[in-house]
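Colleague: Provide a 3D model corresponding to the input given below.
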Amino acid sequence: KCNELSLETAYFENASGLTQKSRISTSDLTKIALEALKYPVLARIWSEVESEIEITGPNARKEKLVHAYKKYIKSWPDFVKKNKFLGGKGGSLYYTKQKISARCHVLVSEVEGQKILITFTGARYDDDAFAYDEEMLSMARAMLRGEKPLPGEKLKELEEKGGAFEFLTLTGKKIRYKSAYADVPHLPASTTKILAVLCMLDHVQDLSAKLTVRQSDIVGGSGFKCHAGDELTYEDAIRALMLPSSNTIANSVASNVGALLLEKTLKNRKTAEISGCQAK
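Modeller: Modelled structure (predicted):
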């Protein structure tokens, strides 16, 4: 999928982003986000602030999902009132022993009546990430008004630390701003899950079909508590990845879609062998 999207620095070790080896640049994250916006179901789901999903199986229940952005934006009501929230996906990682931290995200908002996409990578784990968005939105407003954009202090500080940001309009007047270091790789954290969903959508036609959580899928980190045998639709799996950013469901998507691909490969191979025998 990375090759298909012409990503230049991206490398993904797994579907959840719970790793120290994966890499993403701001430029590549922008390409992934633009691809995601082509899928109406994904664009709709990652704009949901709260949702409820039904899980069947031995531990049947309903789970209330809340978008992680509502948790991370310190002044959520003011932010939403000032900047229309149209969706997005974030990622945060902090490894205590290795002293590695990362924060990056995608945000779709509205400026001067136009949709705008923001991406950034490389903030510290304890930064107020959305303070950067406020500054980027201000820059976008200035550009739409024909003014010269001037990065604020927080954005300058971000770049001094090696971080990067980019924003562009999706509708109306075309503007784009790409900061320095936009091609420098960083830890992608849970933004990896956007690519995991894109891979899923390539191979799962019926999103009402269900996947099953396996014991080997279950890991810690973000997301609600899962049990082996939990069943949920692929559409709700997208919600679990995009809203509370479930690491376990990301693994489950990978294992279930992987099983579908293996089944398809074996079926095609068997058909080819039968056709070969008939030809002989």
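Colleague: Residue 189 contacts residue 20, doesn't it?
Modeller: No: Residue 189 is beyond contact range of residue 20, at 10.4 Å (criterion: Cβ atoms under 8 Å). To be clear about C-beta, it is placed using only N, CA and C from the backbone, and glycine gets the same treatment.
Colleague: Comparing the two, which shows the higher neighbour count?
Modeller: residue 189 (28 against 12; other Cβ atoms under 10 Å).
Colleague: Nearest spatial neighbour of the more buried one, chain-adjacent residues omitted?
Modeller: Spatial nearest neighbour of residue 189, excluding adjacent residues (Cβ to Cβ, 6 or more residues apart in numbering): residue 91 at 2.8 Å.
Colleague: buried residues in whichever strand or helix holds that neighbour?
Modeller: Following DSSP states H and E, one finds residue 91 within strand 87-95. By 16 or more other Cβ atoms under 10 Å, the buried positions in strand 87-95 come out as 87, 88, 89, 90, 91, 92, 93.
Colleague: Check stretch 107-118 too.
Modeller: In stretch 107-118, counting by 16+ other Cβ under 10 Å, buried: 107, 108, 109, 111, 114, 115, 116, 117, 118.
Colleague: what do you get for stretch 40-52?
Modeller: Within stretch 40-52, judged by 16+ other Cβ under 10 Å, the buried ones are 42, 45, 46, 51.
Colleague: what's the first-to-last distance across that stretch?
Modeller: 19 Å (Cα to Cα, to the nearest Å).
Colleague: Next: stretch 122-135.
Modeller: End-to-end for stretch 122-135, by Cα to Cα: 16 Å.
Colleague: Could you list every helix and strand in contact with the helix or strand harbouring residue 262?
Modeller: When elements are assigned from DSSP H and E, residue 262 belongs to helix 247-279. In terms of contacts (3 or more Cβ pairs under 8 Å, 6 or more residues apart in numbering; DSSP states H and E), helix 247-279 is packed against helix 192-203, strand 210-212, helix 234-242.
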